[in-house]
Each structure stands twice: as structure tokens, then as C-alpha cells.
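Participant: Have a look; sequence and predicted model below, questions after that.
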Amino acid sequence: MKNLLVTGGCGFIGSNFIRFLLPRADFTGRIVNLDNLTYAGNAENLTDMAQEYPDRYVFERGDVCDPLVLADIFSRHDIDAVCHFAAESHVDRSITGPDAFIQTNIVGTFQLLEQARRLDDRLIRFHHVSTDEVYGSLGAAGHFTEQTPYRPNSPYSASKASSDHLVRAYAKTYGLPVTLSNCSNNYGPFQFPEKLIPLMVLNALEQKPLPVYGDGKNVRDWLYVVDHCRAIWEILVKGREGETYNIGGDCEMENIDVVKSICDIVDKLRPEDGQPSRRDLITFVVDRPGHDRRYAIDSSKIRDELGWTPAENFASGMAKTVGWYLDHGDWIDRVRSGEYRRWIETQYGSPG
Ligand code: NAD
Ligand code: DAU
């Protein structure tokens, strides 16, 4: 891979992936990061990478839904591989406003596939980053395998399912050298503070209520983001063409236990005299519509075939994550303020 196009590289997982990949000895190519900087995209996440690797990292602001932007980027940068992260990613937003999810997740993936198809033999690999939510919800027992039928329940997961089907179809119909991965819930540095873990960390720090949906007993499988990035890299390099790999942390937890553990870590790291435990801030609120009850991943395929295994467990990953948020108050203030949007417009202009 000489010129790897990473889409959505300014988001949570994409920026961690670029930070993970550039210093590696087994990757000597260039990364072209295409991102249109939605509310979830933050170009500043990679300022240090741009300085450290000026010849190997390029940022391009643009929309994956725009075929002219894609044609220009593919030809100007001589793209020979793609790792596709760009998406609208937050389930709650997909419930209140599904349009952007249909556009970016379905139409954007389609436009990218069309462009990749034009490369013919020059395309080495198209990796599509997807989610375990495409499989729907589990009962008390069982795990999602790569053979589990798709049953998406939210506009977000339906749009991701649709994009997965397009990627598979382009492999079968046009022979595109694709791989797919379906991963469980990630956590770690640079996650936008709307998702459960960073939201709870920040609210706990600020002594605000901690809103737990429904009875708090929905189960998610948690994976530290750098472990996900390493899995994607293993698939890009060693994964078999046309295959899907499930990725998970073997770390099933009820939401209420995740929130309690965050309270305890924040109490320990930031004790406040005279204040009761942060657990007292937990507030049960109305449930998310269509809320999936339980996800659990069988990741034996990637473990057995590619030798991947997570390096972090929940305790070690959470200690790093909470520590990162405590140390990066400036980042939090910037992404939550209008100041960052104004900075984007001075750097890149308003989106067309
Ligand atoms: P994110 O919301 O943090 O980042 C998405 C990035 O895509 C942002 O930088 C945004 O600006 C960019 N983007 C959005 N629309 C775009 C468009 N039209 N053109 C160009 N760029 C655009 O998301 P994330 O959590 O980093 O997720 C990345 C990918 O991983 C997504 O495809 C998501 O479905 C998948 N995934 C996420 C998780 C998770 O737990 N976060 C788990 C499994 C899979
Ligand atoms: O499973 C992978 C998916 O994980 C990814 O594909 C998505 O992009 C990612 O956002 C995530 O989806 P979830 O809906 O599972 O993540 P979220 O952080 O929004 O919520 C995690 C759980 O916590 C879920 O059961 C809803 C609950 N929740 C969430 C929030 C934001 C609460 O109880 N309170 C909250 O305030």
C-alpha cells in the first residue's frame, strides 16, 4: 500500500487508527485522510501527526458522497487502498434525524465503491469498517458470529447494514478486493462526548446527573479503541479477500455497571471534599426507542486466523481513558464549543 485513503480519519476511531499506523515499521506508505469535519470530526486530533510526518500524512476536507471530490482525490494521490471509517455513528441522532445517516453511510459508501471500482487492478484492498449492531439484539444467551443474519433495529444500524451489503455486492459482482469488519462498542481517547463512556466521565467530573436509559441492564461488549485499530490493520494486511471478521473484547457489561465503574474511578482520581460518591448522580431516564438489549461478539475467527487478541482489559482500558479525559480539558472545551467550528472555517472555509 503506497497511498492509503482513510475516510473519516478526524473522528474517534479513524484518528486513533492514523495515530496507530503512521509510526509502525511495517507501514511505510502515505495516508490521505478524507473527512468533511462534521460535528464529530476534529482535524486538531492529528495536528501532531501532520507535523511529525509531513511527507506521509495529508488531510483533505471533503464529502465522501461527492463523486467529483472522490475522483480528484483518487487521481491526485494515486490511491491504491482504502480504509473506510466515515459515517454518522451515533444511534440517538439517527432516531431524531436519519437523513444524514442515509446519505453518508449508504450513498457515501456507494460513491466510494464506484470510485474504487474504476481503479481496476491498481486497487489492492478496500476495507469497510462496520458494526455489530447490524446483527440486531440478542437474548440472554448466544453470540454474534459472521454467519448471524442481519436484523438491524435503528436507522443507524440499518444504514450500516445497507453499506455492508453494497460492499459485499461489489466484491461478488465486480471482483473488488474487499474485507469487512463488524466491531463492538469502542472506548478510549478522542471519543466525542455524546457516547456513553465520555459523556458519563464528563458529567461525573462536573457533578451533573448521569442519565441511564431504561433499567440500565442493556449489555454491550467493550473494546479499547487501539485494539480495534490493530485488528483493522491485521485484516488489511493478512485478511482474506471477500471475508468478514467480527471484532470484540470478550467484555460484556450491563450499562449500569459501566457507569458505576466510571463513578468509582472519577471519585478516586478527583475526590471532592464534602461531596457524596458520584454513584449518587445516577439517574434512570426514559429508554431509547428500539433499544437493543444485548450485544455479544464471537471473535474466534480473527483470533484463530490472524492471531489478533486485545491487549487491554476493561480495567486497564478504562484507567487510560478516564485519565486521558482528565488530562485533556482543553480538547473537551474546544469540541464542545462553537470556537472549534469557527477555527475550521478560518482554516478550510465553510462547507460547500
Ligand atoms: P465518529 O462519529 O467519531 O467519526 C466519524 C468521522 O466521519 C468524523 O470525523 C466525521 O467528520 C466523518 N464524516 C462524517 N460524514 C462524512 C462525510 N459525508 N464525508 C467525509 N467524512 C465524513 O465515528 P467513530 O466512532 O470513529 O466510527 C467510525 C466508524 O466505525 C463508523 O463507520 C462506525 O460505524 C464504525 N464503528 C464504530 C464503533 C464505535 O463504538 N464507535 C464500533 C464499531 C464500528
Ligand atoms: O456496538 C457498536 C456501536 O456502539 C457503534 O456501531 C456505534 O457507532 C456506537 O455509537 C455504539 O453504539 P451504542 O448505541 O451501543 O453506544 P452509546 O454510547 O450511544 O450507548 C451505549 C449504551 O448506553 C446503550 O445501551 C445506550 C446507553 N446509554 C447511552 C447514552 C448516550 C445510556 O444509558 N445513557 C446515555 O446517555
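Facilitator: Nice, I can see it. Ligands and ions are numbered 1, 2, ... in the order given.

Participant: ranges for the strands of this structure?
Facilitator: Per DSSP state E, the chain carries strands over the ranges 3-7, 30-35, 57-61, 81-84, 125-131, 178-183, 185-187, 210-213, 219-224, 244-247, 252-254, 282-285.

Participant: The first one vs strand 125-131, what angle?
Facilitator: Right, strand 3-7. 20 degrees (axes from the mean of the first three to the mean of the last three CA atoms, to 10 degrees).

Participant: by contact count, what packs against strand 3-7?
Facilitator: Using 3 or more CB pairs under 8 Å, 6 or more residues apart in numbering; DSSP states H and E, the elements in contact with strand 3-7 are helix 12-21, strand 30-35, strand 81-84. C-beta coordinates here come from the backbone N, C-alpha and C atoms, glycine included.

Participant: what about these, which gets the closest to ligand 1?
Facilitator: helix 12-21 (3.5 Å; CB to the nearest ligand atom).

Participant: that older thread, a markdown table please, covering the helices and strands packed on strand 3-7 and showing mean neighbour count and distance to ligand 2.
Facilitator: Listed next are the helices and strands packed on strand 3-7 as a markdown table, based on neighbours: other CB atoms under 10 Å; distance: least, CB to the nearest ligand atom, whole Å:
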| stretch | mean neighbour count | distance to ligand 2 |
| --- | --- | --- |
| helix 12-21 | 24 | 9 |
| strand 30-35 | 24 | 16 |
| strand 81-84 | 25 | 14 |
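
Participant: Could you export these as CSV, including mean pLDDT?
Facilitator: As requested, the helices and strands packed on strand 3-7 are exported to CSV (pLDDT from 0 to 100):
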stretch, mean pLDDT
helix 12-21, 98
strand 30-35, 98
strand 81-84, 98
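
Participant: Redo those as JSON lines? Include distance to ligand 1.
Facilitator: Below are the helices and strands packed on strand 3-7 laid out as JSON lines (distance: least, CB to the nearest ligand atom, whole Å):
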{"stretch": "helix 12-21", "distance to ligand 1": "4"}
{"stretch": "strand 30-35", "distance to ligand 1": "4"}
{"stretch": "strand 81-84", "distance to ligand 1": "7"}
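
Participant: Surely Asn313 and Cys251 touch.
Facilitator: Yes: the pair Asn313 / Cys251 is scored as a contact, 7.0 Å apart, by CB atoms under 8 Å.

Participant: quick one: which of the two has more around it?
Facilitator: Neighbour tally, Asn313 and Cys251, criterion other CB atoms under 10 Å: the higher count belongs to Cys251, 20 against 13.

Participant: got the CA coordinates for stretch 97-117 in PDB?
Facilitator: Output of stretch 97-117 as PDB, limited to C-alpha atoms (Å, rounded to 0.1, in the frame of the first residue of the first chain):
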ATOM      1  CA  GLY A  97     -32.600  12.800  12.200                       C
ATOM      2  CA  PRO A  98     -32.000   9.800  10.000                       C
ATOM      3  CA  ASP A  99     -31.400  11.700   6.700                       C
ATOM      4  CA  ALA A 100     -27.600  12.300   7.200                       C
ATOM      5  CA  PHE A 101     -27.200   8.600   8.000                       C
ATOM      6  CA  ILE A 102     -28.800   7.500   4.800                       C
ATOM      7  CA  GLN A 103     -26.600  10.000   2.800                       C
ATOM      8  CA  THR A 104     -23.200   9.400   4.400                       C
ATOM      9  CA  ASN A 105     -23.500   5.800   5.400                       C
ATOM     10  CA  ILE A 106     -25.300   4.400   2.300                       C
ATOM     11  CA  VAL A 107     -24.700   6.900  -0.500                       C
ATOM     12  CA  GLY A 108     -21.200   7.800   0.600                       C
ATOM     13  CA  THR A 109     -20.200   4.100   0.700                       C
ATOM     14  CA  PHE A 110     -21.700   3.600  -2.700                       C
ATOM     15  CA  GLN A 111     -19.800   6.600  -4.200                       C
ATOM     16  CA  LEU A 112     -16.600   5.400  -2.700                       C
ATOM     17  CA  LEU A 113     -17.100   1.900  -4.100                       C
ATOM     18  CA  GLU A 114     -17.800   3.300  -7.600                       C
ATOM     19  CA  GLN A 115     -14.600   5.300  -7.500                       C
ATOM     20  CA  ALA A 116     -12.600   2.300  -6.200                       C
ATOM     21  CA  ARG A 117     -14.100   0.100  -9.000                       C
END
